[in-house]
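Asker: Let's see this in three dimensions:
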Amino acid sequence: MIVMIAGSACAQDNRPGIMENTPEISDDQKNYTVETIVDGLENPWGMAFLPDGGILITEKKGELIFAKDGQKTIVEGAPEVVSRGQGGLLDIVLHPDYETNGWLYLTFASGEGEEEGANTAIMRAKFDGKSLTDHELLYKASPNTKKGQHFGSRIAFDNDGYLYFSAGERGERDVNPQDITRDNGKVYRINDDGSIPADNPFVNAEDAKKAIYSYGHRNPQGMMFHPEYNEIWVNEHGPQGGDEINVVKKGANYGWPVVSYGINYDNSILTDDTGKEGMEQPIYYWVPSIAPSGMAVVPGEIYPEWSGNILVGSLKFQYLEMLTLENKKVVARTKLLDGMGRLRNVKVGHDNYIYAGIEGKGIVKIIPKNKHD
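Answerer: Model prediction:
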């Protein structure tokens, strides 16, 4: 599969495979309006749309907010988090059968454990309109570390009811990602109650972490179930350059840090290899990095001209990037919400409208101009 980049590669990077064959990004055409749905948020990391029209929003600092009809309230009973660096209260999703069972799922930086510091955890709970109840910790990565980077973490369900979540490599690039006996730098798959599926790829591997589904990841902060391909897709931060979109496959190795399209932050070469046998290639990568976070597929009901495109937030360049794909190959790129702020998350609501979480602003809704007619 052909990999592609965005922009110009760093002058120091002359490795084979670093090419400039991707479409230039198109400017924002402003063929839509933006409505602020929830304002006054610091870092709206995750959001989940409730059947009653309310939204549950995670603030990285540790607050869970319930927003409805222009009002915001802080939900009691949120998990205790370690808000350090990139860690805190992270993603939130509802169970696919939420209206029947009431379960919701949260990832966060947890300090539980013998070591000082924190690591990524996932829990489930129920929301009674004011508080979280029935807390169950489903998985906690270990060991803890005081480092502040690369917690991940996003959550997605597939059509079979399996629950996937990501945990970044916690700044231990030479230790965690390539070792299946260690947590971090992984995408995990569990059942909705936290048990391990019997057909997970490493359930019979000695000393392996049985919840691991794929490994060799750096820091996935976008994840979605693609309805057309029936696959879990992630986007993840590279170092300087080399942000990636990967299709998650059972037992697959995504190469970090053995292979990468990025380089070190001091401009030195991290690795001589952009590919190696037995390691998956991304379907798309960015050079320079856009710092991707959040991921969604555009539905056709409201946005027929954008139908099937992929949305990815850019923290670095402060826009929402829309990628047009043909057979998993990017053929066009477009800026949306250009300059509004650091795009932390993007979701499609029950009404099939696009909602984006913007740091220092809140949650906004994208409305095509023809919907105002």
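
Asker: Give me the most central residue, the chain.
Answerer: Taking Cα atoms, centre = their mean, the centroid of the chain lies closest to Gly222, which sits 1.7 Å from it.

Asker: That one belongs to a strand, doesn't it?
Answerer: Yes. Counting by DSSP: H, G, I helix; E, B strand; the rest coil, Gly222 falls inside a strand.

Asker: got a list of what the residue nearest to Ala141 when sequence neighbours are not counted touches?
Answerer: Nearest non-adjacent residue to Ala141, counting by Cβ to Cβ, 6 or more residues apart in numbering: Asp183, 3.7 Å away. Using the backbone N, CA and C atoms, a C-beta is placed for each residue, glycine as well. Contact analysis of Asp183 by Cβ atoms under 8 Å, 6 or more residues apart in numbering lists Asn119, Thr120, Ala141, Ser142, Ala167, Asn176, Lys209.

Asker: swap in Ile65?
Answerer: Val38, Leu41, Leu56, Ile57, Thr58, Glu59, Lys72, Thr73, Ile74, Val75.

Asker: Relative to Gly152, which of these is nearest.
Answerer: Taking Cβ to Cβ as the measure, Gly152 lies nearest Thr58 of the contacts of Ile65, at 13.4 Å.

Asker: The closest one: which element?
Answerer: Using DSSP states H and E, Thr58 maps to strand 55-59.

Asker: Next, the buried residues of the very next helix or strand once past that strand.
Answerer: Downstream of strand 55-59, the next assigned helix or strand under DSSP H and E is strand 64-68. Across strand 64-68, burial judged by 16 or more other Cβ atoms under 10 Å covers Leu64, Ile65, Phe66, Ala67.

Asker: Sheet-wise, list the partners of strand 64-68 with their directions.
Answerer: If you go by DSSP bridges, strand 64-68 pairs up with strand 55-59 (antiparallel), strand 71-74 (antiparallel).

Asker: Of the ones you listed, which is nearest Val364?
Answerer: Smallest distance to Val364 across the strands paired with strand 64-68 (Cβ to Cβ): 12.1 Å, for strand 55-59.

Asker: and the spatially closest residue to Met123 that is not a sequence neighbour, what is it in contact with?
Answerer: Nearest residue to Met123, sequence neighbours excluded (Cβ to Cβ, 6+ apart): Leu137, at 4.9 Å. Residues near Leu137 by Cβ under 8 Å, 6+ apart: Ser110, Glu112, Ala121, Ile122, Met123, Gly194.

Asker: just the buried members of these?
Answerer: Judged by 16+ other Cβ under 10 Å, buried ones among those: Ser110, Ala121, Ile122, Met123, Gly194.

Asker: what about the helices in the chain?
Answerer: All helices of the chain, identified by DSSP state H, fall at 98-101.

Asker: If you rank every helix and strand of it by mean pLDDT, what lands last?
Answerer: Ranked by mean pLDDT, DSSP states H and E, the helix or strand of the chain with the weakest confidence is strand 25-26, at a mean of 90.

Asker: Show me where the stretch 251-373 of the chain has its strands.
Answerer: For the stretch 251-373 of the chain, the strands defined by DSSP state E, counting those that start in this stretch cover 284-286, 292-297, 310-314, 319-326, 329-336, 343-348, 354-358, 362-368.

Asker: Show the average pLDDT along the second one.
Answerer: Averaging pLDDT along strand 292-297 yields 98.

Asker: Could you figure out how far it is turned away from strand 343-348?
Answerer: Relative orientation of strand 292-297 versus strand 343-348 (axes from the mean of the first three to the mean of the last three Cα atoms, to 10 degrees): 10 degrees.

Asker: which residues sit against strand 292-297?
Answerer: Defining contact as Cβ under 8 Å, 6+ apart, one finds that strand 292-297 is touched by 154, 221-224, 226-228, 233-237, 243, 286, 308-315, 321, 343-348, 354, 356-357.

Asker: ok, 7 Å please
Answerer: Contacts with strand 292-297, where a contact means Cβ atoms under 7 Å, 6 or more residues apart in numbering, come from 221-224, 226-227, 233, 235, 237, 243, 308, 310-315, 343-348.

Asker: same thing with the fourth one?
Answerer: Outside of strand 319-326, the residues that reach it under the criterion Cβ under 7 Å, 6+ apart are 290, 306, 309-314, 330-339, 343, 346, 356.

Asker: Can you flag the buried ones in the residues you listed?
Answerer: The buried subset of the contacts of strand 319-326 - by 16+ other Cβ under 10 Å - is 290, 306, 309-314, 330, 333-338, 343, 346, 356.

Asker: Good, wrapping up.
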